[in-house]
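Colleague: sequence and computational prediction follow.
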Amino acid sequence: DVVLLDMSMPGKSGLEVLKQIKQEYPKLPVLILSMHPEDQYAVRVHKAGAAGYLTKRCVTNELVQAVYKVAAGGKYISETVAERLALSIDPTATAIPHETLSDREYQVFQMLASGKQVSAIARELSLSSKTISTHRSKILTKMQMKSNSELMFYAINYGLISQEKNLS
């Protein structure tokens, strides 16, 4: 058996669902299929226990190959992801600021960068506004930024959110 999991689902994020699956069924291989580019989530999902990560732009052969590989107990890692993983464990490499964020901080970062207000994020994540404000403060510190507009600019430049999202 192999679980094919989408990163973008209503309600819970694919990362949260992945963590739940791995908690309940640690040996079940999970292959992530996402509309998001590899540099956005691939390293995070591998660290959370995914057996592979593919974008929805992949060719059918690649998807089939990945399913067979993870079903046989292997890991599917593209060249791009392999390089990112290598950089993430290289002590001499300079960390990319958004990759230093925890999973929750990254989720809040994306929402802030998409133009959402602290109170709206708090409601959506069922957390207090104070908790979201604390996350925001930690995010700004870790990323050495001062405002949500800097977060938005950074996220657009790194392809972490699309400009169209910010216009709606």
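Modeller: Arrived safely. Numbering: from 1, shown residues only.
Colleague: outline the domain layout of this protein.
Modeller: The chain breaks down by automatic domain parsing into domains covering 3-89, 97-167.
Colleague: the longest one: end-to-end distance?
Modeller: With Cα to Cα, to the nearest Å as the measure, domain 3-89 spans 27 Å from end to end.
Colleague: low-scoring stretches of the protein, by residue?
Modeller: Scanning the chain for pLDDT under 70 picks out 39, 88, 93, 162-168.
Colleague: which stretch of helix or strand covers the residue minimising distance to the centre of the chain?
Modeller: In the chain, the centroid-proximal residue (Cα atoms, centre = their mean) is Y41; its distance is 3.2 Å. Assigned by DSSP states H and E, Y41 belongs to helix 38-47.
Colleague: and that helix, what other elements does it pack with?
Modeller: Contacts defined by 3 or more Cβ pairs under 8 Å, 6 or more residues apart in numbering; DSSP states H and E place helix 38-47 against helix 14-24, strand 30-34, strand 52-55, helix 79-89. No exception for glycine: its C-beta is placed from N, CA and C like everyone else's.
Colleague: gap between the shortest one and the chain center?
Modeller: Looking back up the chat, that one is strand 52-55. Relative to its chain's centre, strand 52-55 lies at 12 Å (Cα atoms, centre = their mean, to the nearest Å).
Colleague: show residues contacting whichever helix or strand comes after that strand.
Modeller: Per DSSP H and E, strand 52-55 leads on to helix 60-71 as the next helix or strand towards the C-terminus. Applying Cβ atoms under 8 Å, 6 or more residues apart in numbering, the external contacts of helix 60-71 come out as D1, V2, L4, P29, L31, L33, A51, G52, L54, C58, K75, Y76.
Colleague: for L18, see how far away the residue nearest to the centre of the chain is.
Modeller: Here Y41 is placed at a distance of 10 Å from L18 (Cβ to Cβ, to the nearest Å).
Colleague: common neighbours of these two, please.
Modeller: I32.
Colleague: what's the burial count for the closest residue to Q107 other than its chain neighbours?
Modeller: Spatially, and ignoring its direct neighbours in sequence, Q107 is nearest to S13 (6.5 Å; Cβ to Cβ, 6 or more residues apart in numbering). When neighbours are counted by other Cβ atoms under 10 Å, S13 registers 17.
Colleague: re the thing from before, and the helices and strands packed on helix 38-47, which is most packed in?
Modeller: When the helices and strands packed on helix 38-47 are scored by mean count of other Cβ atoms under 10 Å, the highest mean neighbour count falls to strand 52-55 (a mean of 24).
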